[in-house]
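Q: 3D, please:
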Amino acid sequence: MLSVPQVCCSSAVRTRKATHPVTNPKTRLPLFSRGSWSEADRIGQILRKETVGGALLLAATLVALIWANSPWDEAYNSLMSTRVGPSALHLDLTLSTWAADGLLAIFFFVVGLELKREFVAGDLRDPARAALPIAAAVGGMAVPALIFVIINLRTGDGALLGWAIPTATDIAFAVAVLAVISTHLPLALRTFLLTLAVVDDLLAVTVIAIFYTDDINFIALGLTLIPLALFAFAVQKRVRSWWILLPLAAATWILMHESGVHATVAGVLLGFAVPVLRSQAAGGPDAGPGLAEHFEHKIRPISSGIAVPLFAFCAAGVTVGGFSGLRSALSDPIAIGIIAGLVIGKAIGIFGTTYLVSRFTRATLDAGLKWLDVFGVAMLAGIGFTVSLLIGDLAFGEGTQRDDHVKVGVLTGSIVAASLAAVILRSRNKAYRAIHEEETRDDDHDGIPDIYQGTRDEKA
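A: Model (predicted):
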């Protein structure tokens, strides 16, 4: 999906015929790098799709909250508890479970595609460039988890099971907030946010597989490898026929669900199986987009425009119970730990890790940016919604009182984080606008911004 973030370029590469200066060993390197035009163009397309998906996500969440707190709340609850599916395959699941296990598998399939592409053919294949977003993602998960644990050490009754709830970042929600506040956030910072969010998703599904799996059916888990291997064989042979791939993917998902491991893990594994580069017979790596990018273009609109909003509609409908119910939910240490983790933990974890990386690598920010910008992005990453709600269901059980308090905590923490980030980033919008104009200037009208031409980025 993504290239490692870069701040805007310096004056040394602003003109079309500019060349890269000789690097002085004693000169501090930029903390971020802009990346190639092909990556920048692709990220721009992803951002546009995620913005639309984020708007649908917000709308679905709002509809669910209004319905669940209206006189017709019983109709919403009845709909969510409706069971559909073949019982013979143990798939007579409620609609809310189908949303969590089925629809989010599509979301995680796209995550798998993005990650594999970046580590195989994208900018993340360079360990030095991958280090920052990976470190920031780890820091952005570790600190919120620690804050939650500290707050709930004495809560008891299994409260610590929710330690992973505030560790996730919802990129669709975050990008939608950027669109709403109309900020011209530089591409480098957007890319940084997108990259760490995708790494965050991978770490989250790993946490789900390891820490939120109780009983494992090893026979079903072993059988999962059969359709998965056949799927991998088919895509390695560049098979694109949906009548072949969809049944294999469905069989993988069904067996993973039966094994006791959360079915979304199947989505990531299927994504990892798709080849990124074209074979030599098909023209090699320079012959155009590979199968992973082809699938991403096909599946991403379904994921961001249908799967994630429908999950939000099914997961976010918590009946608050008026002011007294809201006060009761927000007084629960679990909700407090989630809010503190999202608002404080994410900001400290991501910003602190980024700052430490800059200190140890002698990297510095470009003159056009300030550390306040990095802090604003770190605060924006505190919007944890989709995966946070999923982990809450797994930790405390769907429909329980604690699960309701989790939803209130996630929604409250995400709103607070989004509001604080909006204030910080809007205060810097004048500087961002100047950077945006520089990054999009195209005097020769050839479709490629001048800033990417005359440098090694042009053909990167």
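Q: where are the low-confidence patches of the protein?
A: Scanning the chain for pLDDT under 70 picks out 1-30, 32-49, 123, 182-183, 278-289, 367, 439, 442-445, 447, 450-460.
Q: And the strands in it?
A: Under the criterion DSSP state E, strands of the chain are mapped to 29-30, 83-84, 93-94, 363-364.
Q: Please tabulate those in CSV, including the columns mean neighbour count and distance to residue 216.
A: In short, each C-beta sits where N, CA and C put it, glycine included. Below are the strands of the chain laid out as CSV (neighbours: other C-beta atoms under 10 Å; distance: least, C-beta to C-beta, whole Å):
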stretch, mean neighbour count, distance to residue 216
strand 29-30, 16, 46
strand 83-84, 12, 24
strand 93-94, 18, 19
strand 363-364, 16, 43
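Q: Residue 449 is nearest to which of those?
A: Minimum separation from residue 449 across the strands of the chain (C-beta to C-beta) falls at strand 29-30, 18.3 Å.
Q: hang on, isn't residue 421 packed against residue 374?
A: No: the pair residue 421 / residue 374 is not scored as a contact, 11.7 Å apart, by C-beta atoms under 8 Å.
Q: Those two: which is more packed in?
A: Counted by other C-beta atoms under 10 Å, residue 421 and residue 374 do not tie: residue 421 has more neighbours, with 26 against 23.
Q: show me the contacts for that one.
A: By C-beta atoms under 8 Å, 6 or more residues apart in numbering, the contact set of residue 421 is 177, 376-377, 379-380, 382-383.
Q: rerun that using 10 Å as the cut-off
A: Applying C-beta atoms under 10 Å, 6 or more residues apart in numbering to residue 421 gives the contacts 174, 177-178, 181, 183, 343, 347, 375-383.
Q: can you count the residues close to the nearest residue to residue 158 once chain neighbours are set aside?
A: Closest residue to residue 158 apart from its sequence neighbours, by C-beta to C-beta, 6 or more residues apart in numbering: residue 396 at 7.6 Å. If you count neighbours by other C-beta under 10 Å, residue 396 ends up with 21.
Q: Was I right to think residue 396 contacts residue 338?
A: No: the pair residue 396 and residue 338 does not pass the contact test of C-beta atoms under 10 Å, sitting 11.5 Å apart.
Q: what do these two both touch?
A: Residues touching both residue 396 and residue 338 (C-beta under 10 Å, 6+ apart): 162, 165, 405-406.
Q: Out of the contacts of residue 421, which two sit at the greatest distance?
A: Across those (C-beta to C-beta), the longest gap, 19.4 Å, separates 183 and 343.
Q: of the two, who's got more company?
A: Neighbour tally, residue 183 and residue 343, criterion other C-beta under 10 Å: the higher count belongs to residue 343, 27 against 24.
Q: so how far is residue 96 from the more buried one?
A: From residue 343 across to residue 96, the span is 27 Å (C-beta to C-beta, to the nearest Å).
Q: same deal with residue 142?
A: On the measure of C-beta to C-beta, residue 142 and residue 96 end up 30 Å apart.
Q: which of the two has more neighbours?
A: Between residue 142 and residue 96, counted using other C-beta under 10 Å, residue 96 has the larger neighbour count: 21 against 15.
Q: thought that one was touching residue 81?
A: Yes: using C-beta under 10 Å as the test, residue 96 is close enough to residue 81 to be in contact (7.4 Å).
Q: Give me the common contacts of the two.
A: In contact with both residue 96 and residue 81: 398-399, using C-beta under 10 Å, 6+ apart.
Q: ok, how many other residues are close to the residue nearest to residue 249 when sequence neighbours are not counted?
A: Excluding the flanking residues, the one nearest residue 249 by C-beta to C-beta, 6+ apart is residue 270, at 5.5 Å. When neighbours are defined as other C-beta under 10 Å, residue 270 has 26 of them.
Q: do the same with residue 124
A: 24.
Q: Where do the helices of the stretch 1-150 of the chain begin and end?
A: Taking DSSP state H, counting those that start in this stretch to define them, one finds helices in the stretch 1-150 of the chain at 37-68, 73-80, 95-98, 104-120, 127-151.
Q: which of these sits most buried?
A: Highest mean neighbour count of the helices of the stretch 1-150 of the chain: helix 104-120, a mean of 24 (counted as mean count of other C-beta atoms under 10 Å).
Q: list the helices and strands it packs on?
A: When contacts are defined as 3 or more C-beta pairs under 10 Å, 6 or more residues apart in numbering; DSSP states H and E, helix 104-120 packs onto helix 37-68, helix 127-151, helix 187-211, helix 242-259, helix 264-273, helix 291-302, helix 308-315, helix 386-396.
Q: let's see it at 7 Å
A: helix 187-211, helix 264-273, helix 291-302 (3 or more C-beta pairs under 7 Å, 6 or more residues apart in numbering; DSSP states H and E).
Q: Now render those as CSV, adding distance to residue 330.
A: Below are the helices and strands packed on helix 104-120 laid out as CSV (distance: least, C-beta to C-beta, whole Å):
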stretch, distance to residue 330
helix 187-211, 24
helix 264-273, 29
helix 291-302, 35
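Q: Isn't residue 373 up against residue 428?
A: Yes: with contacts counted by C-beta atoms under 7 Å, residue 373 reaches residue 428, the gap being 5.9 Å.
Q: and these two? which has more neighbours close in?
A: Under the neighbour definition other C-beta under 10 Å, residue 373 and residue 428 were set side by side, and residue 373 has more, 23 against 19.
Q: who touches the more buried one in this structure?
A: Contact analysis of residue 373 by C-beta atoms under 7 Å, 6 or more residues apart in numbering lists 189, 428.
Q: Now for residue 436, how many residues are close by?
A: Per other C-beta under 10 Å, the neighbour tally for residue 436 reads 17.
Q: Okay, residue 384 and residue 264: tell me how far apart.
A: Distance from residue 384 to residue 264, by C-beta to C-beta: 16 Å.
Q: More neighbours: which of those two?
A: Neighbour totals were compared for residue 384 and residue 264, and residue 384 leads with 32 against 28 (other C-beta under 10 Å).
Q: which residue packs closest to the more buried one, ignoring adjacent ones?
A: Leaving out its chain neighbours, the residue that sits closest to residue 384 by C-beta to C-beta, 6+ apart is residue 168, at 4.6 Å.
Q: Return the backbone torsion pair for that neighbour.
A: phi -100, psi 150 (degrees, to the nearest 10).
Q: Pull up the gap between it and residue 246, please.
A: Remark: distance between residue 168 and residue 246 (C-beta to C-beta) = 28 Å.
Q: rewinding a little: helices - which of the contacts of residue 421 land there?
A: Using DSSP state H, the subset of these located in helices is 174, 177-178, 181, 347, 375-380.
Q: which one of those residues has the most neighbours?
A: Most surrounded of the ones in helices among the contacts of residue 421: other C-beta under 10 Å gives residue 380, at 31 neighbours.
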